[in-house]
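Engineer: Need a 3D model of the following:
(2 chains)
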Amino acid sequence: MRRDRAGVLLALPTWATLGVFFLLPLAILFVVSFARRDTYGGLKPIGDLGAYLASGKFLEHYARSLHPIYLKIFWRSLWMAVVTTLVCLVVSFPAAYYIAVVARARRRPLLLGLVVVPFWTSFLIRTYAWMFILRTEGLVNHALLAAGLVHRPLELLYNDFAVLIGLIYGELPFMILPLYASLEKLDRSLLEASADLGAPRAATLRRVTVPMTMPGIVAGIVLVFVPSLGQFIVSDLLGGAKTILAGNLIQNQFAIARNKPFGAAVAFELTAAVLLLLWAYARYTRRRGEDVLL
Amino acid sequence: MRGRGGLLGAYAALVYLFLYAPIAILVVFSFNRARQTAVWEGGTTEWYRSLAKNDLILAALKNSLIVGGVATLIATVLGTLVALALGRHTFRGEGFTRQLLYLPVIIPEIVLGAALVTFFGALAFRLSLLTVVIAHVVFCVSYVAIVVRARLAGFDRSLEEAALDLGARPAQTFFRVTLPLLAPGIVAGALLSFTISIDDYVITSFVAGVGSTTLPLQIYSMLKVGVTPEVNAVSTLILAVTVVLIAVAQRLQRRPAEREETS
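Structural biologist: Okay, the predicted model is just below:
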């Protein structure tokens, strides 16, 4: 490795692009979250900055976000993200274990590829697939009616349950892949040693496999939890107007309510929550001496 | 081991079923003759033909291809250069660069969309295809950088050193040795970038203006009105394109490891 100017020159275009079109917009959004809005959805000019700051009005949007109706939305986002993450973890672990440890090595690339495809496939289309299945004239209702189990189609869409299914379905590959990456590195002789020493399978799982794959478990939790928290497509399409999450709240402020400062304030609360979580994650991985993503 | 393997295998098959059944249903019903119901009434390619005549879809497709192409081109150049910086040089601001690349991936998409639309608004920048391209470059650069960086870490530095020892100039070494070895990583990064770009809804919905509707935006607005077989057809086409792009990208990324195994 040579310490030279070339590195700076190569990085410069990216610094410039992300500086102007990423960091600067975030900074502007942050400033806007302390601004006042005028009646037409724009920003009201602030005459005397000192007086404005002294009055405490600049915190108005953050204060408003603590109102019970909004707290209820945040609470819903939080528990839905938690449930999604837990279900994904429980569903994914045995599957990832099968791909990484049990399946024949020759079949592993195919099995892995079959997880990678949904990982990269349009989230919108995958969410739409559930809309198609769950709607009143959808497949599930048709099957239930045909089987005589129900006499009227069920309302399967536009409720919390539909949103949870959509979230779990959407995020599942993001849990399987990091788990696989961790399980694949697992030293199998440890599993055999544990079995040879007479440990029951459950004990091997609890005392060897799970602790050894903790980095993958933690990475999977982060990769699923963070996007779930900021979701808005799934809740919009499968939840209708009934299940509003933090993401929908932010989007509404920009698209419909035209209250940018309030939307910006909520966006930063969401960002703060995410960054806090990722900071804890980075600390955790560094302590384990593992690579962070980049 | 055998018995447990069988049980786990059956379980894994169920997980794959869960992952693929909804997509498969979507694809199958894109060929269904019935317009309204979920009952199979015989096959047809009618919905695909009506897509080809749907001006809104065609315009959105054109926009998506333009945005995906231009944004990918820019992101690939930027991402490759910065990956080279991180992988082959020590310089001031290395740690900062890593974090800067990491941020667009982890910041919730909705926050990035909100920030960009506020930024463009503050500059009185009219929302157009250009603003969409800019937004897409921002979130694609990181993915290209990650993929190229991984490729760079995966191949043998001694090849470059050998070229230099044999008297090749640094520029010659770069174009004759580094770049050809890196090419699969760059192409894979570009393919992923294109995939992310043509699939993006959230950020694009903030920064697209009148006349710059992309395919996902068009699909979304169709969904809001009601489910139609045309949506299934266009979704199927997008899925097919994505699968091909991802398969190629995967193959390109896998090659160095496979070579090591066989040698």
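Engineer: Enumerate the positions of stretch B:96-116 that are buried.
Structural biologist: Using 16 or more other C-beta atoms under 10 Å in any protein chain shown as the test for burial, stretch B:96-116 gives B:97-98, B:100-104, B:106-116. Quick note: C-beta positions are derived from backbone N, CA and C, even for glycine.
Engineer: now stretch A:210-227
Structural biologist: Neighbour-count burial for stretch A:210-227 flags A:212-213, A:215-227 (criterion: 16+ other C-beta under 10 Å).
Engineer: when you scan it, is anything in it near chain B?
Structural biologist: Yes. Applying C-beta under 8 Å from any C-beta of the partner chain, one finds stretch A:210-227 touching chain B at A:226, A:227.
Engineer: Give the rounded mean pLDDT of that stretch.
Structural biologist: Taken as a whole, stretch A:210-227 has a mean pLDDT of 88.
Engineer: ok so, going back, report the entries of the buried residues of stretch B:96-116 that also contact chain A.
Structural biologist: Restricting the buried residues of stretch B:96-116 to those touching chain A (C-beta under 8 Å from any C-beta) yields B:97-98, B:100-104, B:106-116.
Engineer: Among these, name the ones in helices.
Structural biologist: Using DSSP state H, B:97-98, B:100-104, B:106, B:109-116 are the members of these that sit in helices.
Engineer: packing partners for the helix or strand bottoming out on mean pLDDT in chain B?
Structural biologist: The helix or strand of chain B with the poorest confidence is helix B:229-262; it has a mean of 78 (mean pLDDT, DSSP states H and E). With contacts taken as 3 or more C-beta pairs under 8 Å, 6 or more residues apart in numbering or on different chains; DSSP states H and E, helix B:229-262 sits against helix A:108-120, helix A:123-134, helix B:2-29, helix B:46-52, helix B:129-154, helix B:179-199, helix B:215-225.
Engineer: Can you add mean pLDDT, distance to residue B:121 and mean neighbour count and give these back as a markdown table?
Structural biologist: Below are these laid out as a markdown table (pLDDT from 0 to 100; distance: least, C-beta to C-beta, whole Å; neighbours: other C-beta atoms under 10 Å in any protein chain shown):
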| stretch | mean pLDDT | distance to residue B:121 | mean neighbour count |
| --- | --- | --- | --- |
| helix A:108-120 | 88 | 32 | 17 |
| helix A:123-134 | 91 | 25 | 23 |
| helix B:2-29 | 88 | 37 | 15 |
| helix B:46-52 | 90 | 34 | 15 |
| helix B:129-154 | 92 | 10 | 24 |
| helix B:179-199 | 91 | 23 | 22 |
| helix B:215-225 | 91 | 19 | 18 |
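Engineer: Take these and lay them out in TSV including distance to residue A:281.
Structural biologist: Shown next, in TSV, are the helices and strands packed on helix B:229-262 (distance: least, C-beta to C-beta, whole Å):
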stretch	distance to residue A:281
helix A:108-120	20
helix A:123-134	22
helix B:2-29	25
helix B:46-52	43
helix B:129-154	17
helix B:179-199	22
helix B:215-225	30
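Engineer: What's the nearest residue in the stretch 151-263 of chain B when you look at chain A?
Structural biologist: Nearest to chain A, among the residues of the stretch 151-263 of chain B, is residue B:199, at 4.1 Å (C-beta to the nearest C-beta).
Engineer: I'd say that residue and residue B:216 touch.
Structural biologist: Yes. Between residue B:199 and residue B:216 there is a contact at 6.4 Å, judged by C-beta atoms under 8 Å.
Engineer: Next up, the contacts around whatever residue of the stretch 101-250 of chain B ends up closest to chain A.
Structural biologist: Nearest residue of the stretch 101-250 of chain B to chain A, counting by C-beta to the nearest C-beta: residue B:108, 3.1 Å away. Residues counted as contacts of residue B:108 (C-beta atoms under 8 Å, 6 or more residues apart in numbering or on different chains) are A:226, A:227, A:229, A:230, A:247, A:267, A:270, A:271, A:274.
Engineer: ok, now with 6 Å
Structural biologist: Residues near residue B:108 by C-beta atoms under 6 Å, 6 or more residues apart in numbering or on different chains: A:230, A:270.
Engineer: What about it? Give its phi and psi, please.
Structural biologist: phi -50, psi 140 (degrees, to the nearest 10).
Engineer: Kindly report the same for residue A:46.
Structural biologist: When read as degrees, to the nearest 10, the backbone of residue A:46 gives phi -100, psi 120.
Engineer: cool, residue B:169 as well?
Structural biologist: Per-residue torsions, residue B:169: phi -70, psi 160 (degrees, to the nearest 10).
Engineer: Looking at the stretch 151-294 of chain A, which residue is nearest chain B?
Structural biologist: Nearest residue of the stretch 151-294 of chain A to chain B: residue A:230, at 3.1 Å (C-beta to the nearest C-beta).
Engineer: I'd say that residue and residue A:247 touch.
Structural biologist: Yes. With contact defined as C-beta atoms under 6 Å, residue A:230 reaches residue A:247; the gap is 5.0 Å.
Engineer: what touches both of those two?
Structural biologist: Shared contacts of residue A:230 and residue A:247 (C-beta under 6 Å, 6+ apart): residue B:110.
Engineer: No further queries at this time; thank you.
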